[in-house]
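Peer 1: 3D, please:
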Amino acid sequence: MWKEVLTDFLLTLSFISRLPVKIKNIDEWEKRIKRIPVYFPVIGYIPGTIYSIGVLLAHSLSNYKLLFIFGAMAIGYYFFDLFHFDGLLDMFDGFLNQSNKERRLEIMSKGNVGPFAVFYGMLYILLFYQLMSTLNWQAFLFASVFGRYEMALLLTFSKPAKPKGLGAMLFPYNKRYTACSMIFLIPLLFISPLMFFISLALTITTAYLISRVSEIKIGGITGDVLGGSCLISQMVVLLAFYIFHAFGR
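Peer 2: The predicted model follows:
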């Protein structure tokens, strides 16, 4: 059993990160790939820890704040969030384009960087940097884990926009996988119950809204939407903590 769990975890790690993971003699690949959303939140602990360490060092050694935040973002994005950021940029270009579903899907599949992607992508990174300068380390652990959990929720609420591609590969989706993935959220409950329930409520809401918007814009979700929604949910949780931080002063 544990060998099966380890194989599924490594497959998930290879699917949503750039870490060099090698899995030998994998069997039932199509069956396994459909259940990797169970492990999405577990992966979130790794970039969450990277960002948290960067924040801790930046706050403790403020003279080197720029270096610690830059280093944590460079490592975290290179290994974990760059794929999702690419999806986010494609979402900006596709969803904000005033055309029909087919044209939006074409724009997103080409992957060219348009003006919406450049402008709003820059805003996202600037905002993320500023939040790392302001919030505590726990905020980034929660945001990173719940951002990955949001992808499992999005699959629960959605259907594929195309018959082929990364997004379609996970369908038909077994909704029990989303329930199973919640087990990996439990450690966060012991860090802060308040932050846990705020993150959970915002993540469910964000996943549902993105599912509805994506349905209207392109008829369902794609791999780009799945990855982009992870970063959107991550930012929603961080901004909520920022508001609490600002009012709590």
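Peer 1: where does the residue of the chain most remote from its centre land in three-state SS?
Peer 2: In the chain, residue 63 marks the outermost C-alpha relative to the chain mean, sitting 30.7 Å out by C-alpha atoms, centre = their mean. In the three-state summary, residue 63 is assigned as helix, counting by DSSP: H, G, I helix; E, B strand; the rest coil.
Peer 1: Who are the contact partners of it?
Peer 2: When contacts are counted by C-beta atoms under 8 Å, 6 or more residues apart in numbering, residue 63 touches no other residue. Yep, even glycine has a C-beta here, placed from its N, CA and C like the rest.
Peer 1: For the protein, just list every one of the helices.
Peer 2: Listed in chain order, the helices found in the chain under DSSP state H are 2-15, 29-34, 40-60, 65-76, 82-95, 101-110, 115-134, 137-157, 166-169, 176-181, 186-191, 193-218, 223-247.
Peer 1: okay, the ones you listed, which one's buried deepest?
Peer 2: Each of the helices of the chain was given a mean neighbour count from mean count of other C-beta atoms under 10 Å, and the largest, a mean of 26, is that of helix 137-157.
Peer 1: about what we covered before: tell me which of the helices of the chain lies nearest to residue 23.
Peer 2: When the helices of the chain are ranked by distance to residue 23, counting by C-beta to C-beta, first place goes to helix 2-15 at 5.2 Å.
Peer 1: what does the closest one rub up against?
Peer 2: Among residues not part of helix 2-15, those counted as contacts by C-beta under 8 Å, 6+ apart are 19, 21, 23, 26, 32-33, 35-36, 38-40, 42-43.
Peer 1: Can you lay out those residues as a markdown table showing pLDDT and distance to residue 230?
Peer 2: Supplementary listing: the contacts of helix 2-15 in a markdown table, determined by pLDDT from 0 to 100; distance: C-beta to C-beta, whole Å:
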| residue | pLDDT | distance to residue 230 |
| --- | --- | --- |
| 19 | 93 | 16 |
| 21 | 87 | 19 |
| 23 | 82 | 23 |
| 26 | 79 | 24 |
| 32 | 90 | 21 |
| 33 | 92 | 17 |
| 35 | 93 | 18 |
| 36 | 95 | 14 |
| 38 | 97 | 16 |
| 39 | 97 | 14 |
| 40 | 97 | 8 |
| 42 | 97 | 14 |
| 43 | 97 | 10 |
